[in-house]
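Student: Quick one: sequence plus predicted model below, questions after.
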Amino acid sequence: MADDSAHPPPSSGVTRRALFKGAGAAAAAGAVFRSLDAVGEEDGPRTQGPGPGAVTLRVNGTERKVDVEPRETLLQTLRLPLELTGAKPVCDRGTCGACTVWIDGAPVYACSVLTVEAEGREVTTVEGLGTPAAPHPVQAAFVEHDALQCGFCTPGFVMSCAWAVKTHGKSLTAEQVRAACAGNLCRCGTYPHVIRAALAAARGAR
């Protein structure tokens, strides 16, 4: 008979195998809960693809219906079928910030969000901030303080700065502007003008 002392029973603590199995189960459960939260209790699971499907987006306060492939990014949808070309496809890798828009009031890279992920959310583009006749304070300040040159990065900077003004109001600081624009790159080097424009817009914020 084998000597049981050579193979002592496991301690009452958690073993490595149990730890990894538990972690895997928890991760799987979390993914399921996030999926269910996304689609809502009443709608149930929704299949996307492989071909285009109908999606209803709320962009700049207006509902827009489009047919998109599951792989299509929000940037592609905004620029092509919706003809909102303010957000620019510069790097298309989520590094330059030229395609910055708001989703539910927070800035995101439109090139890094799938269109189907934006369904049911409030999307705001630079066109939705103001018009040439009635510009947003940040848009007007960008013109007044010469915060734009070639213009490719400008819409993204405007969206980031407008978010900073909306968030901090008159108490906005230069450091907060830098933090808000940390994900925006300007190849023309207009950063000092961008900061001055954002601060000027904030001084007039309600």
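Tutor: That came through fine. Numbers count the residues shown, from 1 in each chain.

Student: check contacts around residue 158.
Tutor: Applying Cβ atoms under 8 Å, 6 or more residues apart in numbering to residue 158 gives the contacts 126, 129, 136, 138-139, 142. All C-beta atoms are positioned from the backbone trio N, CA, C, and that covers glycine.

Student: Tell me which helix or strand it sits in.
Tutor: Using DSSP states H and E, residue 158 sits in helix 154-168.

Student: Could you list the domains of the protein?
Tutor: Following automatic domain parsing, the chain resolves into domains at 54-128, 137-203.

Student: nearest to residue 48, of the ones you listed?
Tutor: Among the domains of the chain, domain 54-128 comes nearest to residue 48, with 4.2 Å by Cβ to Cβ.

Student: Would you mind measuring the gap between the ends of the closest one?
Tutor: Domain 54-128 stretches 23 Å from its first residue to its last (Cα to Cα, to the nearest Å).

Student: where do the helices sit along the protein?
Tutor: Counting by DSSP state H, residue ranges of the helices within the chain are 16-39, 74-79, 137-144, 154-168, 174-180, 191-203.

Student: Lowest mean pLDDT across the ones you listed, which one is that?
Tutor: Here the lowest mean pLDDT among the helices of the chain goes to helix 16-39, at a mean of 40.

Student: Mind giving me the ChimeraX select for the contacts of residue 158, buried ones only?
Tutor: A single ChimeraX command is used to select the members of the contacts of residue 158 judged buried by 16 or more other Cβ atoms under 10 Å:
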select :126,129,136,138,139,142
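
Student: And the residue nearest the centre of the protein?
Tutor: What sits nearest the mean C-alpha location of the chain, by Cα atoms, centre = their mean, is residue 108, with 2.0 Å.

Student: Report how many residues lie close to the closest residue in space to that residue that isn't next to it in sequence.
Tutor: Residue nearest to residue 108 in three dimensions, not counting chain neighbours: residue 101, with 6.4 Å by Cβ to Cβ, 6 or more residues apart in numbering. Residues contacting residue 101 under the criterion other Cβ atoms under 10 Å number 29.

Student: isn't residue 101 right up against residue 79?
Tutor: No - taking Cβ atoms under 8 Å as the contact criterion, residue 101 and residue 79 are not neighbours in contact, 11.1 Å apart.

Student: hey, what's in contact with both of those two?
Tutor: Taking Cβ under 8 Å, 6+ apart as the criterion, residue 101 and residue 79 both touch residue 87.

Student: just to revisit the earlier point, check the contacts of residue 158 against residue 174 and report the nearest one.
Tutor: Comparing these against residue 174 with Cβ to Cβ places residue 138 closest, at 15.0 Å.

Student: and the gap between residue 205 and residue 138?
Tutor: Going from residue 205 to residue 138 by Cβ to Cβ, to the nearest Å gives 9 Å.

Student: shared neighbours, those two?
Tutor: Taking Cβ under 8 Å, 6+ apart as the contact criterion, the residues that touch both residue 205 and residue 138 are residue 165.
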